[in-house]
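K.L.:
need a structure here:
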Amino acid sequence: MGRIVAVCSSPKKGMRKKNIGEGVLVEEHGLQGDAHTGSWHRQVSLLASESIKKMTDLGLKVGPGDFAENITTEGLDLVSLPVGTRLKVDSGALLEVTQIGKECHNRCAIYYQAGDCVMPREGIFVRVIKGGPVKVGQQLKIVSE
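P.N.:
Numbering: from 1, shown residues only. All right, here's what the predicted structure looks like:
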């Protein structure tokens, strides 16, 4: 079981997201108000705080949302979850892993600052099976693999 440490959103693609603390996951759409929502397989992105720590250990001053993730977690090994794994938020929202990592066509500012970026390797993407509220402090648990 893991915990949500940030809920992040941005009005435009290609920019860092801001921790808004809470939001609404909309069924088959994504995080309400975020630029990446839509009817596709990458509705919501997740990144572990443990992955962000790898970058701070390299000397970067980064935190939740700086890698454009919607939900920052703690205590779950996200990259080990197979596609199809379902995750449930305390509120009842249900997510399904659709993609592990991503290909970055353009290197981001993080890459140029540190010579590396964890999101392409360690970020995951999910679709919203059942919507509901999401907020910092809620539990996130694996319900099927």
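K.L.:
Next one: S51 from V97, what distance?
P.N.:
16 Å (C-beta to C-beta, to the nearest Å). The way it works is simple: take the backbone N, C-alpha and C, and place the C-beta from them, glycine included.
K.L.:
low-confidence ranges in the chain?
P.N.:
Within the chain, the ranges that satisfy pLDDT under 70 run 102-120, 145.
K.L.:
in it, which residue is closest to the centre?
P.N.:
Geometric centre of the chain, nearest residue: L46, 1.6 Å, by C-alpha atoms, centre = their mean.
K.L.:
now the helices for this protein?
P.N.:
Secondary structure of the chain (DSSP state H): helices located at 49-56, 109-114, 119-122.
K.L.:
my guess is the residue nearest to the centre of the chain meets E74, correct?
P.N.:
No: taking contacts as C-beta atoms under 8 Å, L46 lies outside contact range of E74: 11.2 Å.
K.L.:
Counting neighbours, what do you get for the closest residue in space to S45 that isn't next to it in sequence?
P.N.:
Spatial nearest neighbour of S45, excluding adjacent residues (C-beta to C-beta, 6 or more residues apart in numbering): E69 at 4.6 Å. Number of residues near E69 (other C-beta atoms under 10 Å) recorded here: 27.
K.L.:
Spit out the contact partners of E69.
P.N.:
C8, K17, S45, L46, L47, M119, G123 (C-beta atoms under 8 Å, 6 or more residues apart in numbering).
K.L.:
Against D77, how distant is the first one?
P.N.:
Right, C8. 20 Å.
K.L.:
So for those two, which residue has more residues nearby?
P.N.:
Taking other C-beta under 10 Å, C8 and D77 do not tie; C8 has more neighbours (25 against 11).
K.L.:
Tell me what the more buried one is bridged to.
P.N.:
N19 (DSSP bridges).
K.L.:
Quick check: it touching N19?
P.N.:
Yes: contact criterion C-beta under 8 Å: C8 and N19 qualify, at 5.2 Å.
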